[in-house]
Every structure is written in structure tokens, then in C-alpha cells.
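>>> Below are the sequence and a predicted model; questions follow.
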Amino acid sequence: NIIEREGVSVSHPSKFILVGTMNPEEGDLRPQILDRFGLCVEIKALTDPKERLEIIKYRMKFDENPIKFQKRFLKKQRELQERIINAKSLLDEVEISEELLELIVKISASLGIRTHRADIITAKAATAIAAFNKRKKVKEEDVKEAALLALKHRIKQLPFEKEQEIDEELIEELIEEPEDDFEIDKKRKLKKSVKIAEFTGTIQGKNSASVTGKRGKYIKAKETTNPDSIAIDATIKKAIQENPKNPKILPEHLMEKVRISKAEALYLILLDSSSSMKLDKKIKFAKTIAWLLLKESYEKKNRVGLITFKGDEAQIISEPTTDLTKVDEALENLEIGGKTPLTPALMEAAKLASKYKELAPTLIIISDGRCNIFIKSNLEEDLKILYPKLKELNLVFVDAEPKGRNIGVLEEIAAKFKAPIFYLDDILI
């Protein structure tokens, strides 16, 4: 350790553990800084009246006689100190099995934690807990306890995502969860067929051109009082028409150029991440088609937004952006489970699309159609509410069920809006 004060420097050997405290209301630390902290303990204010009353009594007794108060806990403190010293001497003899190391990796991966430091710290903490409990072999319960301390502050929160709480119940669920392969299959491609040509043509349809802006081919002129780009030919022509013998260009003769140009496209992907999408790995293929759309959008410099729906609500995972790495990351870390709020998701998409009317948004809905959460009470009522909000938008439905086994809900919604519907097995190789 080096200490420097007013030009005087002193160095001495030291061995220490850094302990940091912070108030999260004062701001967040960057993930790379948080990752440097090995373990994290969250302290919350007590809400139980009996516990709060006990604190008042403790404080009063401490103020009355601090030394007497400290002696009251001295025996327990010494027992704890001795237990820690014994654990330190036992630590090098503690073994952790390959099976438990694999369990640690599974928990971290399931929570979307990418840093390897998380796995290493969890393993070390589990070993220390075993030593503290006078054991030479790490148990599963040690790993669970260590994970609660080592992982909470390392969970990466995606844009617009609610804070994810880690507790004993969640860790238990992750341990018991079977190994499912729901990763995006980036080796897959879109089929080269009439169907896929129709699909790609549909999602690009309404975004192909716009008659506005300062760039693009000049196609006509329009009247204006404050032109951005004066159409000289049309302005002179208007002045001559009003006074053929002695034409003079006046402010009221000014005409503005109207150009045609390639428009920036906006795709809003609505992805069903409910429990029913786990069956037959439908979510794997749904995520894959969403990723392929992302890839194509990146190449064409289009904007993409991502809305997922599960449980009781739809959630905007990524607002429309050209930074498609955010959306890609959200897809990779997508949580799956719960009911299917399809119509609430369409309502959320309608609200988001209304902010970007000038980009003529295209909504791409990928689902198995097994909706069981509604805006009102049933699909028919919801469609009446949604129709005026969605009728002007470009909708494309992709059914995650094979064509012969689908339940027909997406087909019904697509028919209501005169929108095309495709099936994953028609689209993916």
C-alpha cells in the first residue's frame, strides 16, 4: 500500500479486502465496474414494526452504557471469529465437484450473465461457505447460497426491462429447469421460393418510397410560402402564366420541389415468448426468423423495434433503433414462460407505431396464436377495439405452428385486417 500526503510518500505491505457501499438512488455503476465486486449484499430498511421497535431499544441501551452493551454480544462475536479462523485453515482442503461447477455455469448462463468472473466467484464463495460449515466437500445448497451473493449485481438489464430479482425460488427454478435448446439457429436461412419472395416483398411493401425530403429525384412542384428547395422552372412558369407580357417573379409565385426517394423502413417485431412457445421448440424458430429479419434490416440500414409478450403484458424490449446489436442481444437473452397476451401486445405496438407514422411502420407478429389474456374479455371484443388503431398499418403474421396443426386464431386476426399470414415451415430452411 502506498500513502502520499503533501509530497511525502510511505509504502508498506498490506493485505486487504475492499468493501464498498452505495445508495442505488444516487446512480448506477457501469457493468464493468460492478463486475469487479466479488459479492453483493443488499440491505433493505426493516418494515416489521416489532423489528423496528427492537432497534430503538438496542440503540437506547447502547447509548446508556456502550461497554456493557458490547459485552452482551462478546461471546457470540468470539465464537464467530473462531469459526472464521478455522474455516480459513480448512479452505485449501475443500473440494467442489465437476457436477457442481457445471451447475454454476448453468445458473449464470440462464440469467444471461456473460462475465466468467461470475462463475469463478460463485465457485470460490461456495467453497468458503462449505469451509465455514466445517465441511470438506461443497454441497448444492452452498452453490445456491453463493449464487445469491455473487450474481445479483451482475445481471445485465436490457433497455426498458424491469429489474430482475434473484431469490432462492428463482435459483431453485433454474437448477430444476431441463436443458432446453432455445438458442437462435444462425445457420438457418430463408427459403428461396415463391412463398419467401412473397414474404419479403410484403414486409418491404409500404416502405419502398416517399414523396418528401431534399434528396431524391425531382418529380413535380407544389405551392408553398416558405420553400426549402425552389423549383425554378415551375416558379418561372407560374409567373409567366399570371403576366405573359411582362412576367415578374413575386413571392407568391415560388414553387417547391417535390422529390421521390428511398424511405427509411421501420419494422416492429412482436415476438410471442409465452410458455406454449416452448413446445416443439417453436420459440427457437421464432427467434431465428426474428434474427434473420434483423440481419436483413442491418444490411438495408432500416430501423427495428422489438416487443415481446408473455404473462399478463407486452413489453417494449427495444424502441425502434438502427443499433441492431441491442435488439440482437435482447433476442439472445429472451425470457420464456407464462400466458399469451397477444391482443394487449397488438395494442402496445399500435401505441408505439403511432409515434412513427412518417415511417409507415410494418408490424411483424410471430406467435402460435394461443392467446389467453385479453384487453377486455375475448378475442372478438379486442379486435373491435384494435381495428381502428391498426387498419392503416402494414401487418404481417407469422404462425409458429405447422400449417396442419395451427388453431386458426392468427388466421382470423389476419383476415380481419386483410393481412398476409405465413408459416415458419414455409419460410425457414
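Received it, and whenever you're ready, just let me know what you need. Residues are numbered from 1 along each chain as shown.

>>> does Leu46 sit in a helix or strand, and which one?
Under DSSP states H and E, no helix or strand contains Leu46.

>>> right, and it touches Ile56 too?
No: if you go by Cβ atoms under 8 Å, Leu46 and Ile56 don't touch, sitting 11.1 Å apart. All C-beta atoms are positioned from the backbone trio N, CA, C, and that covers glycine.

>>> Point out where the stretch 51-200 of the chain drops to low pLDDT.
Residue ranges of the stretch 51-200 of the chain with pLDDT under 70: 156-165, 173-174, 176-200.

>>> mind running it again at 90?
Counting by pLDDT under 90, the stretch 51-200 of the chain contains low-confidence residues at 106-115, 152-200.

>>> Just the helices from it, written as ranges.
66-90, 98-110, 116-132, 140-150, 168-176, 194-204 (DSSP state H, counting those that start in this stretch).

>>> can you tell which of those is closest to Ala330?
If you check each of these against Ala330 by Cβ to Cβ, helix 98-110 wins as the nearest, at 16.1 Å.

>>> which residues are common contacts for Leu46 and Ile56?
Common neighbours of Leu46 and Ile56 (criterion: Cβ atoms under 8 Å, 6 or more residues apart in numbering): none identified.

>>> quick one, which of the helices of the stretch 51-200 of the chain is nearest to Lys15?
From the helices of the stretch 51-200 of the chain, taking Cβ to Cβ, the stretch that ends up closest is helix 66-90, at 12.5 Å.

>>> Check what contacts the closest one and list those residues.
For helix 66-90, contacts defined as Cβ under 8 Å, 6+ apart pick out 58, 61-62, 128, 131-132, 134, 136.

>>> wait, which of those is closest to Phe16?
For Phe16, the closest of the contacts of helix 66-90 turns out to be Ala128, at 17.0 Å, with distances computed as Cβ to Cβ.

>>> isn't the closest one right up against Leu91?
Yes: using Cβ under 8 Å, Ala128 and Leu91 qualify as a contacting pair, with a distance of 6.6 Å.

>>> Comparing these two, which residue is more hemmed in?
Between Ala128 and Leu91, counting by other Cβ atoms under 10 Å, Ala128 is the more crowded of the two (20 against 15).

>>> separation between the more buried one and Tyr267?
For Ala128, the distance to Tyr267 equals 49 Å [Cβ to Cβ, to the nearest Å].

>>> And Leu90, by the same measure?
58 Å.

>>> the more surrounded of the two?
Neighbour count, other Cβ under 10 Å: between Leu90 and Tyr267, Tyr267 has more, with 26 against 17.

>>> packing partners for the one helix or strand the more buried one maps to?
In this assignment (DSSP H and E), Tyr267 forms part of strand 266-272. Applying 3 or more Cβ pairs under 8 Å, 6 or more residues apart in numbering; DSSP states H and E, one finds that strand 266-272 makes contact with helix 282-299, strand 303-310, strand 313-321, helix 342-354, strand 362-367.

>>> So what touches the next helix or strand after the last one?
Counting by DSSP H and E, the element after strand 362-367 in chain order, helix or strand, is helix 379-390. Applying Cβ under 8 Å, 6+ apart, the set of residues contacting helix 379-390 from outside is 343, 346-347, 350, 354, 363, 371, 374-376, 409, 412-413, 416-417.

>>> Identify, from the residues you listed, the entry nearest to His153.
For these, the closest approach to His153 (Cβ to Cβ) belongs to Met347, at 34.9 Å.

>>> got a list of what that closest one touches?
Going by Cβ under 8 Å, 6+ apart, Met347 touches 314, 375, 385-386, 389.

>>> same thing but at 10 Å, please
With Cβ atoms under 10 Å, 6 or more residues apart in numbering as the criterion, the residues that contact Met347 are 314, 341, 375, 382, 385-386, 389-390.

>>> Can you give me the distance of it to Asn246?
Met347 is 62 Å from Asn246, by Cβ to Cβ.

>>> can you check Glu335 too?
Counting by Cβ to Cβ - Glu335 and Asn246 are separated by 75 Å.

>>> Could you check which of these two is surrounded by more residues?
Counting neighbours by other Cβ under 10 Å for Glu335 and for Asn246 shows that Glu335 has the greater number, 15 against 6.

>>> hang on, the more buried one packs against Thr308?
Yes: counting by Cβ atoms under 10 Å, Glu335 touches Thr308, with 8.2 Å between them.

>>> Farthest from the middle of the protein: give me that residue.
Computed with Cα atoms, centre = their mean, the residue of the chain farthest from its C-alpha average is Lys245, at 68.2 Å.

>>> ok so that residue is a helix residue?
No: with DSSP: H, G, I helix; E, B strand; the rest coil as the criterion, Lys245 is located in coil rather than a helix.

>>> returning to what we had before: restricted to buried residues, select the contacts of Met347 in ChimeraX.
Written as a ChimeraX command, the selection of buried residues from the contacts of Met347, which uses 16 or more other Cβ atoms under 10 Å, is:
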select :314,341,375,382,385,386,390
